[in-house]
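# Attaching a predicted model along with its sequence, questions to come.
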Amino acid sequence: MACELRRRVSGVAEKFGCTSNASGFSAYLGIRRTRRGPVLVAGSLSAWRTVILSLLVLLCTSAQADLIVTYAQTDLPDLVPGSDLRRYDYKLTGYTFNAGDSLSVYFGYGLYRDIHPVSGPPGWLIDAAEPDPLLGPGIFVAQSPAADDSPSFAFAVSLVWTGTGAPAEQTYQILGPEFNNIAGGITEATAVPEPAPIALLLAGIALVAVARRTRGR
């Protein structure tokens, strides 16, 4: 399912790391300067597809303004020495799925590999495909078999991070049954809640009480 979707849909790759360094960006796009002017290096089609499709999705207007996809990532024990195994848990809110609608999350070529679906809502179809230099980004897809107006939806995927530093957000799309784009955006990190002031105060009082009892003995 994921491979078929990637072939047919006007998808989007991982949000690419564009910097203000013009030569670095040119290298990313496969552009090489010659005496006759800039030329396109063979094998750079995937990078151009990433740029064009990313712009297309970012220009799309969300069908539901409240749509949010958050993620929490976990660094898992590495099964292969030297690899960086991770798990991403996604939570989608603010969207009512119709039969055949799907969520697609994209993983850039050269940044991820060994993408495996872990879980999705009960009864949903979930699948994944690896990043490919010709076909484009890797993809995790979850498709709803029937209309579903649940307040939130949970998905999980495991993968190996091959980039530098720590992995972060990805690009996502909501697609209709005919692979038509409905909405799209960038996943957001789950906010870590700060301890409530009252809870901190109660904890402080408890510590003082324990200290006094200890000294009294």
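Ah, there it is.
# shaky segments in this protein?
Low-confidence segments of the chain (pLDDT under 70): 1-65, 191-217.
# Kindly recompute the last result at 50.
Counting by pLDDT under 50, the chain shows low-confidence ranges at 9-33, 38-44, 48, 61-63, 193-194.
# which residues in it form strands?
Applying DSSP state E to the chain gives strands spanning 31-34, 37-40, 68-75, 85-93, 102-107, 112-119, 125-129, 138-143, 152-161, 171-175, 181-186, 188-189.
# can I get these in CSV with mean neighbour count?
Every residue, glycine included, has its C-beta placed from N, CA and C. CSV is the format used below for the strands of the chain (neighbours: other Cβ atoms under 10 Å):
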stretch, mean neighbour count
strand 31-34, 12
strand 37-40, 10
strand 68-75, 17
strand 85-93, 18
strand 102-107, 25
strand 112-119, 17
strand 125-129, 19
strand 138-143, 26
strand 152-161, 19
strand 171-175, 24
strand 181-186, 19
strand 188-189, 12
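# Tell me how far the residue nearest to residue 113 when sequence neighbours are not counted lies from residue 129.
Spatial nearest neighbour of residue 113, excluding adjacent residues (Cβ to Cβ, 6 or more residues apart in numbering): residue 160 at 5.0 Å. Per Cβ to Cβ, to the nearest Å, residue 160 is found 15 Å from residue 129.
# Residue 177 too?
19 Å.
# picking that back up, the residue nearest to residue 113 reaches residue 114, doesn't it?
Yes - in this structure residue 160 lies within contact range of residue 114 using Cβ atoms under 8 Å: 4.4 Å.
# you'd agree residue 87 is up against residue 158?
Yes - between residue 87 and residue 158 there is a contact under Cβ under 8 Å: 5.0 Å.
# what pairs with the closest residue to residue 102 other than its chain neighbours across the strands?
In this structure, residue 102 finds its nearest non-sequential neighbour in residue 143, 3.9 Å apart by Cβ to Cβ, 6+ apart. With beta bridges defined as DSSP bridges, residue 143 has these partners: residue 102, residue 125.
# Could you pull up the contacting residues of residue 143?
Residues near residue 143 by Cβ atoms under 8 Å, 6 or more residues apart in numbering: 1, 100, 101, 102, 124, 125, 126.
# what would those look like in CSV with distance to residue 168?
What follows is those, written out as CSV (distance: Cβ to Cβ, whole Å):
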residue, distance to residue 168
1, 26
100, 30
101, 26
102, 23
124, 25
125, 27
126, 22
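# just these now: which is nearest residue 71?
When the contacts of residue 143 are ranked by distance to residue 71 (Cβ to Cβ), residue 126 comes first, at 15.8 Å.
# Was I right to think that closest one contacts residue 141?
Yes - assessed by Cβ under 8 Å, residue 126 is found in contact with residue 141 at 7.1 Å.
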